[in-house]
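# Structure, please.
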Amino acid sequence: MRVPTLISLLLLIAVSVAAVEPPPLYLRTLGGSGPAFGRLQSPTGLAFESNGGLLVSDGARSRIVEFIAASNNVVNVLATVGAPRGVTCLPNGDVYACSNVAPGWTLVFSLAPTPWTQPVPITASYGITCDPATGTLFKSETNIARVSGGGIFVSLPPGSLPAGLAFADGQLYVACAGDHQVRVIEASGVRGSWGGFGSGPGQFNAPQGICVDGDAVYVADTQNHRIEKFTRSGVFLTQWGTFGTGPGQLNQPVGVAVSGNGEIYVVEFGNSRVSVFGQAPVAVRRTTWGRIKALAR
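As a prediction, the model looks like this:
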């Protein structure tokens with residue numbers, strides 16, 4: 001029996017982390033820096049409303065803005081929020097944002113507010129999400145390394161800096177910027193994790209945004225200026241993005257969300273915009289063939 005050489009082992013490792021699906025294509029951009037009404041300044045989070053509207057935490061301008069997702073048009077400025085980070089929309093239309101300042105969360109807009117129990121004062125929260133079926137809120141208590149809400153109060157290692165959150169099937173997926181990991185949390189505690197510091201496939205550098213869409217987990221790998229896609233068990237699928245300001249390039253992505261039609265929206269802190277990725281429409285090819293020939297009788 002042949003003993004594998006070092007080169008063959010390295011090839012096996014490379015194959016195990018190679019992308020197994022192509023990355024999506026760049027489609028368009030929303031926002032961009034500047035003073036105009038539809039522009040952003042250092043945005044920090046995003047989420048979709050049930051009607052398809054896109055909510056963006058406009059961080060440096062301390063406000064939550066609402067876009068028509070399919071265009072570059074701002075519909076509304078919902079509220080002024082001190083140092084907003086993540087944002088989420090409940091099934092009844094309530095909008096909540098988390099913040100860098102006490103108490104760490106804010107009801108932005110509501111017709112009939114959902115009750116919220118705040119167990120202890122906190123000073124910073126970088127992520128907020130909800131159970132789309134029940135409206136239960138969950139929040140990362142970043143400075144004290146804890147995730148709470150819906151009966152879940154899970155402490156994480158000091159310095160892990162839990163940031164973005166996503167909820168799916170009774171589990172919370174947490175992007176931890178401090179120790180460069182994704183953790184999966186249940187009421188009983190941490191169920192699993194993956195990642196680690198680095199720039200290779202499946203590694204992270206201070207990830208801050210995360211979302212779950214079906215069987216896929218998307219992570220905003222902030223300081224690697226890219227998005228990585230995994231299965232819900234942490235198997236690497238693909239990645240895209242390079243540092244820059246051009247179309248399809250990214251600069252400190254801090255949030256990611258998937259729309260109802262499968263388009264992937266990425267909020268960029270460094271470029272003050274939202275970049276949209278997906279599959280470009282397939283062009284319809286029109287052609288003719290043959291000809292009519294008169295037949296003699």
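
# Sketch out the low-pLDDT regions of the stretch 151-297 of the chain for me.
By pLDDT under 70, the low-scoring segments of the stretch 151-297 of the chain are 280-297.

# Which parts of it are strands?
For the stretch 151-297 of the chain, the strands defined by DSSP state E, counting those that start in this stretch cover 152-155, 162-168, 171-176, 181-186, 189-195, 209-213, 216-221, 226-231, 236-240, 253-258, 264-268, 273-278.

# Let me have those in TSV, extended by mean neighbour count and distance to residue 95.
C-beta: built from backbone N, CA, C; applies to glycine. Below are the strands of the stretch 151-297 of the chain laid out as TSV (neighbours: other C-beta atoms under 10 Å; distance: least, C-beta to C-beta, whole Å):
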stretch	mean neighbour count	distance to residue 95
strand 152-155	16	22
strand 162-168	26	16
strand 171-176	26	20
strand 181-186	20	24
strand 189-195	16	29
strand 209-213	23	17
strand 216-221	25	21
strand 226-231	22	24
strand 236-240	19	29
strand 253-258	26	14
strand 264-268	26	16
strand 273-278	22	17
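
# Between these, which one is closest to residue 49.
Counting by C-beta to C-beta, residue 49 lies closest to strand 253-258 out of the strands of the stretch 151-297 of the chain; the figure is 10.9 Å.

# circling back to that earlier point, just send the strands of the stretch 151-297 of the chain back as TSV, with distance to residue 130 too.
Below are the strands of the stretch 151-297 of the chain laid out as TSV (distance: least, C-beta to C-beta, whole Å):
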stretch	distance to residue 130
strand 152-155	13
strand 162-168	7
strand 171-176	11
strand 181-186	15
strand 189-195	20
strand 209-213	13
strand 216-221	17
strand 226-231	22
strand 236-240	26
strand 253-258	13
strand 264-268	18
strand 273-278	21
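
# right, and these - which one's nearest residue 128?
Among the strands of the stretch 151-297 of the chain, the nearest to residue 128 by C-beta to C-beta is strand 162-168 (6.6 Å).

# quick one on the thing from earlier: indicate which one of the strands of the stretch 151-297 of the chain is closest to residue 40.
Once the strands of the stretch 151-297 of the chain are compared by C-beta to C-beta, strand 273-278 is nearest, at 6.4 Å.
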